[in-house]
Each structure stands twice: as structure tokens, then as C-alpha cells.
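1. okay, sequence plus prediction incoming.
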Amino acid sequence: MGLFDKLFRRNKEQEEQKEALDQGLQKTKEGFFSKLAKAVAGKDKVDEEVLDQVEDALISADVGVDTTVAIIDRIEKRVSKDKYIGTSQLNQILQEEIMGMLTAAPSNEFATFDVPAGKRPYVILVVGVNGVGKTTTIGKLAHNFKKNGKSVLLGAADTFRAAAVDQLTIWSDRVGVPIVKKEMGSDPSSVAFDAVQSAIARESDVVIIDTAGRLHNKSYLMDELGKIRRVISKKMPDAPHEVLLVLDGSTGQNAIEQARHFTAATDVTAIAITKLDGTAKGGVVLAIANQFRIPVKYIGVGEKMEDLQIFNKEEFVDSLFSLK
């Protein structure tokens with residue numbers, strides 16, 4: 001394949017991903033902009049009443065109270081400074097302030113489907129409660145790493161549910177990557193250890209380890225996460241290299257509450273937010289990015305393998321404000 005063909009394919013893939021992002025945020029945009037239209041109806045400038053309704057629109061999109069207050073605060077300062085801001089400028093101002101907020105939030109130093117130099121196998125420990133799309137996210141991660149030319153191995157350390165091991169096995173078959181698993185009730189940390197050991201023996205580039213869908217209010221389950229990490233580090237001192245927390249974007253504020261408990265209980269290094277395509281609560285991405293000093297690394301905007309995307313702040317804001 002020539003250079004031109006490669007560039008053409010890459011550009012086409014980027015266009016398809018952007019289209020998927022636009023479509024995935026459609027419900028959020030429709031709900032948000034319908035409220036925004038009501039806020040400025042019959043108004044020619046941004047006043048206190050308009051700001052109150054903008055605040056309501058942001059909270060309805062599950063941007064969260066703290067993040068909403070911060071955005072409104074920024075707009076109020078601009079209105080005060082410029083003395084007169086017309087409602088026609090409101091979309092642009094909102095877009096600029098949200099982009100500014102996301103730019104100030106932590107970013108991933110390594111946000112690609114690649115492996116950092118000197119970290120091979122790259123060990124990803126995936127955590128989160130049942131039902132958030134954790135297993136599906138692992139399958140899609142495996143697919144994208146493999147598509148990028150990386151060898152991947154899965155570890156089924158959620159040994160409390162037979163269905164969890166079965167589901168991950170289905171994904172390993174579907175993606176075409178090996179899996180390390182044991183019978184239900186086995187020690188999860190032993191599965192994690194064997195997965196890392198197998199990945200080293202196979203010279204795999206990436207090993208992704210599933211964990212039990214832990215209830216964030218069960219401290220003993222969180223203690224077990226710590227045990228898994230300690231056992232992995234005995235085989236690879238600097239592993240796991242990434243602890244990925246998966247959150248369901250459609251649950252809105254509940255996702256924020258889960259993030260609060262998980263980040264307090266374990267050393268989460270990155271966040272994946274799933275199911276944004278089926279909800280009007282896509283603003284939760286802004287809330288999580290703003291409130292937690294942890295990068296949002298992946299977002300799920302559809303059912304296809306490629307619909308798990310690297311979170312791109314510029315493209316996210318552009319899609320959020322491009323109503324079609």
C-alpha cells in the first residue's frame with residue numbers, strides 16, 4: 001500500500017469517527033440546544049434571566065452543579081467585562097469557555113492505541129461496577145490495539161460470575177486474541193498474575209485484565225483490587241501501567257458518584273465513559289473531566305468496535321456544538 005493510500009485510509013477513518021461522535025452526542029445536543037433556544041427567545045442580550053436558563057440547560061445535560069457554576073461564572077465575568085454581549089454570541093462564548101475548561105483538565109500523555117516505549121507488555125487493569133459496559137470496553141480496546149498492529153492478551157480475573165468469564169471469552173474469540181482464565185471462584189489475583197506471566201512469555205504488547213464488577217461501597221472488594229495490583233507488581237514492578245475506570249455515561253450523576261468512590265479507594269489513572277450515544281446526559285463528560293484530576297481517555301459513542309474512541313477535547317466540543 002502506497003503512502004497516498006495510507007493517508008487516504010487514515011483520513012477516511014478519521015471522518016467516520018467524527019461522524020460517529022456527532023451522531024453519538026445527538027441526544028445530548030438536542031436536549032441542550034432546545035433549552036438554550038428557550039433561554040434566548042425574545043432576548044437581545046445575555047442578562048441574569050438568560051444565565052439562569054443556561055444554567056438549567058447545562059444541569060439538564062448532566063454537566064453537574066460544580067462544573068455548571070464554574071461555566072456560568074466565566075460567562076458572567078465576560079459579560080461584566082464587555083458590558084454588552086448579545087444572545088447571538090452565546091453559543092460561541094459557551095463553546096470557548098467549555099473548551100477552556102477542558103484544556104485546563106488533565107490530559108493523557110499517551111492517548112493512542114499504541115504502547116509506550118519500555119513498557120511491554122503494557123498492563124491495563126480495568127475496574128468498574130457491573131453493567132457499565134466494562135467487558136464490552138475491554139473487547140473494543142483489544143480490537144483497536146490489534147488493529148494498530150499490537151499483540152493482545154486478555155485476563156479474566158472477574159471470577160465471581162461465570163457469565164463474566166464467558167462474556168470475555170466470547171470477546172477474545174470475536175477479536176481473535178488469547179485469554180487466560182480459570183474456573184469460577186478462583187483467586188482473582190492468581191488469574192491476573194498468570195495473565196501477566198503468559199503475556200511476558202508470549203512477548204505480547206498489551207495485556208488487559210478484567211476485574212469483578214465491584215460495588216463502590218464494598219470496602220473489602222476494593223481491598224481485593226489492591227491485592228491484585230500487589231501480585232501483578234511482583235511479576236512486573238512497574239505494573240499495572242494503567243488502571244482504567246469504566247463509567248456508564250447514561251447514568252449521569254451516578255457515574256460521578258462512582259468515580260468519586262473509586263478514585264478515593266484505588267489509584268485510577270484513566271477513565272472510559274461508555275454509552276454516550278443513547279443518552280441526553282453527555283454533559284457528564286465535562287463534569288468528570290473538570291472535577292477529577294484524572295484524564296478521560298476513551299469515550300463510547302456506539303455499538304461498533306471503532307465506536308470506542310480516544311477522547312479528543314477539540315472534536316468533542318465541536319460535535320457538541322454542531323447540531324444537525
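-> Perfect, thanks for sending it.
2. can you name the next helix or strand after the lowest-mean-pLDDT helix or strand in the chain?
-> Of all the helices and strands that make up the chain, the one with the lowest confidence by mean pLDDT, DSSP states H and E is helix 3-24; it has a mean of 71. Per DSSP states H and E, the first helix or strand lying C-terminal to helix 3-24 is helix 26-40.
3. and the one helix or strand Asp318 maps to, how far out from the chain middle?
-> Assessed by DSSP H and E, Asp318 sits inside helix 313-320. Relative to the mean C-alpha coordinate of its chain, helix 313-320 is positioned 14 Å out (Cα atoms, centre = their mean, to the nearest Å).
4. would you mark the buried spots in it?
-> Neighbour counts using 16 or more other Cβ atoms under 10 Å place 313, 315-317, 319-320 of helix 313-320 among the buried residues. Any C-beta I mention is one placed from the backbone N, CA and C, and that applies to glycine too.
5. number of residues surrounding the residue lying closest to Glu49 once chain neighbours are set aside?
-> Leaving aside its chain neighbours, Glu49 sits nearest to Lys43 (7.6 Å; criterion: Cβ to Cβ, 6 or more residues apart in numbering). A count of neighbours around Lys43, defined by other Cβ atoms under 10 Å, yields 14.
6. wait, Lys43 sits on Asp52?
-> No. Contact between Lys43 and Asp52 fails when scored by Cβ atoms under 8 Å: they sit 11.8 Å apart.
7. on that earlier part again, who does the helix holding Asp318 touch, helix- and strand-wise?
-> In terms of contacts (3 or more Cβ pairs under 8 Å, 6 or more residues apart in numbering; DSSP states H and E), helix 313-320 is packed against helix 3-24, helix 26-40, helix 90-104.
8. still on that earlier bit, got the phi/psi numbers for the residue nearest to Glu49?
-> phi -110, psi 150 (degrees, to the nearest 10).
9. in the chain, which spans are helices?
-> 3-24, 26-40, 48-60, 65-82, 90-104, 134-147, 162-175, 188-202, 219-235, 253-265, 284-291, 313-320 (DSSP state H).
10. between those, which gets nearest to Leu276?
-> Of all the helices of the chain, the one in closest proximity to Leu276, counting by Cβ to Cβ, is helix 3-24 (5.2 Å).
11. quick one: contacts for Gly139?
-> Contacts for Gly139 (Cβ atoms under 8 Å, 6 or more residues apart in numbering) come out as 168, 171-172, 174-175, 305.
12. just give me the closest of these to Leu153.
-> Using Cβ to Cβ, the shortest approach to Leu153 within the contacts of Gly139 belongs to Ser172, at 8.8 Å.
13. tell me how far the closest one lies from Pro121.
-> Distance check for Ser172 against Pro121: by Cβ to Cβ, to the nearest Å, it reads 16 Å.
14. give me the more crowded residue out of these two.
-> Neighbours around Ser172 and Pro121, counted as other Cβ under 10 Å, are more numerous at Pro121. The numbers are 25 against 21.
15. ok, the more buried one to Val152 distance?
-> Pro121 sits 9 Å away from Val152, going by Cβ to Cβ.
16. cool, Val54 as well?
-> In this structure, Val54 and Val152 are separated by 44 Å, where distance is defined by Cβ to Cβ.
17. again with Ser172
-> Between Ser172 and Val152 the distance is 9 Å, computed by Cβ to Cβ.
18. shared neighbours, those two?
-> Ala142.
19. now the most centrally placed residue in the chain: how far from Gly300?
-> Relative to the mean C-alpha position of the chain, the nearest C-alpha, by Cα atoms, centre = their mean, is the one of Ala272, at 2.2 Å. For Ala272, the distance to Gly300 under the criterion Cβ to Cβ works out to 7 Å.
20. equivalent analysis for Ala157, please.
-> Relative to Gly300, Ala157 is positioned 22 Å away (criterion: Cβ to Cβ).
21. so which of these two has more stuff around it?
-> Neighbour comparison, Ala157 and Gly300: the larger count goes to Ala157, with 31 against 24 (by other Cβ under 10 Å).
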